[in-house]
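Participant: Take this sequence and fold it.
(one chain, ligands or ions: 1)
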Amino acid sequence: MRILLVEDDAMIGEATSIALKDAAYAVDWVRDGATAGKVLQNGEHQAVLLDLGLPGRDGLEVLRRLRQAGNAVPVLVITARDGVDDRIKGLDFGADDYLVKPFAVDELLARLRAIIRRQGGHAAPLLSNGKLSLDPASHEARCGEVVERLSAREFSLLHALLLRPGAILTRDELEERIYGWNEEVESNVIDVLIHGLRRKLGAAIIKNVRGAGWMVDKSA
Ligand code: CA
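Facilitator: Residues are numbered from 1 along each chain as shown. Down below sits the predicted model:
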């Protein structure tokens, strides 16, 4: 799961980016609205944390243009402006939720999980498919009677597949969900993670589609 953080404050940006990485997200951080607008056209992020007070193009304008372009990526607005007007404007411009600074990291993570799962069409906190289920809060996976705590990257990979059962994700697409821009992709990391997941949860949970990628079967 890859997040775009748009924040011009160095301290808040640094702290937020560390908290997100600790919670198993891949994070890309930009510090101004124009760059955010450009990056968001690539569609490589599954959610956006958007500060409103930004140099140049402000957050509301970034949001307005994003929605005008038909981009439905979930956006959580983070802002120091606690004025009711800004919050209403943010929501009217297409934000999915907002947080007022200073915020508790746990609340940020919970709100982020909520907007991501609503985007995937899942109202319930657990992602499940057949006998397999995944808890985005605890990173626990259950398959029948087996319950396992997953590593950050195992979680990210299984989460990406479980958001769209039946869809094949390629090696590049999986790597993109797990790594941010500045991180070097380790060779054969996807194979290692899939091997670990199968060992923990059973060989049948992830299907390899030869030459194409991997998927979890859509349960009937
Ligand atoms: Ca700011």
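Participant: burial measure for the closest residue to the ion within the chain, as a count.
Facilitator: For the chain, the residue closest to the ion is residue 53, as judged by Cβ to the ion, at 3.7 Å. Every C-beta, even on glycine, is put in place using the N, C-alpha and C of the backbone. Counted with other Cβ atoms under 10 Å, the neighbours of residue 53 add up to 15.
Participant: helix, strand or coil for it?
Facilitator: Under DSSP: H, G, I helix; E, B strand; the rest coil, residue 53 falls in the coil class.
Participant: Around the ion, pick out the residues from this protein.
Facilitator: 8, 51, 53 (Cβ under 5 Å from the ion).
Participant: 6 Å instead, please
Facilitator: Residues of the chain lying close to the ion (Cβ under 6 Å from the ion) are 8-9, 51, 53-54.
Participant: so what secondary structure elements neighbour the helix or strand containing residue 16?
Facilitator: For residue 16, the element it lies in under DSSP states H and E is helix 10-22. Packed against helix 10-22 by the contact rule (3 or more Cβ pairs under 8 Å, 6 or more residues apart in numbering; DSSP states H and E) you find strand 2-6, strand 26-30, strand 47-51, helix 105-119.
Participant: which of the residues in that helix are buried?
Facilitator: Buried positions in helix 10-22, judged by neighbour count with 16 or more other Cβ atoms under 10 Å: 12-13, 16-17, 20.
Participant: contacting residues around that helix?
Facilitator: 3, 5, 7, 27, 29, 31, 49, 51, 78, 101, 105, 108-109, 152 (Cβ atoms under 8 Å, 6 or more residues apart in numbering).
Participant: Can you turn the buried part of those into a PyMOL selection?
Facilitator: The PyMOL command for the buried members of the contacts of helix 10-22 (criterion: 16+ other Cβ under 10 Å) is given here:
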select buried, resi 3+5+7+27+29+31+49+51+78+108+109
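Participant: What ranges does the protein have for its strands?
Facilitator: 2-6, 26-30, 47-51, 75-79, 97-100, 127-129, 132-135, 140-143, 146-149, 207-209, 213-215 (DSSP state E).
Participant: Output these in TSV, with mean pLDDT appended to each entry.
Facilitator: Listed next are the strands of the chain as TSV, based on pLDDT from 0 to 100:
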stretch	mean pLDDT
strand 2-6	97
strand 26-30	96
strand 47-51	97
strand 75-79	92
strand 97-100	92
strand 127-129	88
strand 132-135	92
strand 140-143	94
strand 146-149	94
strand 207-209	94
strand 213-215	96
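Participant: which of those sits most buried?
Facilitator: strand 47-51 (a mean of 25; mean count of other Cβ atoms under 10 Å).
Participant: List the contacts of that strand.
Facilitator: Strand 47-51 is contacted by residues 1, 3-9, 12, 16, 20, 36, 40, 59, 62-63, 73-79, 95, 108, 112, 115-116, 119 when judged by Cβ under 8 Å, 6+ apart.
Participant: Could you do stretch 171-186 as well?
Facilitator: 1-2, 26-28, 44, 46, 153, 156-157, 160, 169, 189-190, 193, 213-214.
Participant: How about stretch 28-45?
Facilitator: 2-8, 13, 17, 48, 50, 54-59, 61-62, 65-66, 69, 71, 73, 176, 180-181.
Participant: ok, residue 186 to residue 98 distance?
Facilitator: Using Cβ to Cβ, to the nearest Å, we find residue 186 at a distance of 36 Å from residue 98.
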